[in-house]
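[1] The sequence and its predicted three-dimensional model are supplied below.
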Amino acid sequence: QVQLVESGGGLVQAGDSLRLSCAASGRTFSSYAMGWFRQAPGKEREFVAAISPSGGFTSYADSVKGRCTISRDNAKNTAYLQMNSLKPEDTAVYSCAARRYIPAQAPAAYDYWGQGTQVTVSS
């Protein structure tokens, strides 16, 4: 069982930066791939970024590529999403998720989810 808690969301202006954190419980964090997803009002949940258990592999949605960086610190049981040059269309609830070993882009592939943190970008 893995419990995930996100933090770091907030209200920012277009062009600003935010770093989201995802703190995980348990002693096996280093065996889990981590993903970040977002869901805007009236829209389906969409993939943002994913990282392998070691951190050696990352993938990004085209909409955030070059603006976002996913990372992790296995010693702290925490994953991060650094978001730069934020746009109003980035406004959404951002959630982290965990699954064993292999990163994936499909939400259904993940077994554990956090409650989400709101990111609002004003123009």
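    Perfect, I can see it now. Note that the coordinates shown come from a computational prediction; the quantities given were computed from them, not determined experimentally.
[2] which residue is nearest the centroid of the protein?
    Trp36 (2.5 Å; CA atoms, centre = their mean).
[3] tally of neighbours for the closest residue to that one other than its chain neighbours?
    Among residues not flanking Trp36 along the chain, Val48 sits closest, at 4.3 Å (CB to CB, 6 or more residues apart in numbering). Yep, even glycine has a C-beta here, placed from its N, CA and C like the rest. If you count neighbours by other CB atoms under 10 Å, Val48 ends up with 25.
[4] Quick check: the residue nearest to the centre of the chain vs Ser123, distance?
    Distance, Trp36 to Ser123, using CB to CB, to the nearest Å: 23 Å.
[5] and what of Leu86?
    Taken as CB to CB, the span from Leu86 to Ser123 is 10 Å.
[6] Ok, Ser7 next?
    The value you get for Ser7 to Ser123, if CB to CB is used, is 25 Å.
[7] Give me the mean pLDDT for the one helix or strand Val12 maps to.
    Element membership for Val12 (DSSP states H and E) is strand 10-13. The average pLDDT for strand 10-13 rounds to 98.
[8] What lies in contact with it?
    Contacts to strand 10-13, defined as CB atoms under 8 Å, 6 or more residues apart in numbering, come from residues Leu18, Leu86, Gln118, Val119, Thr120, Val121, Ser122, Ser123.
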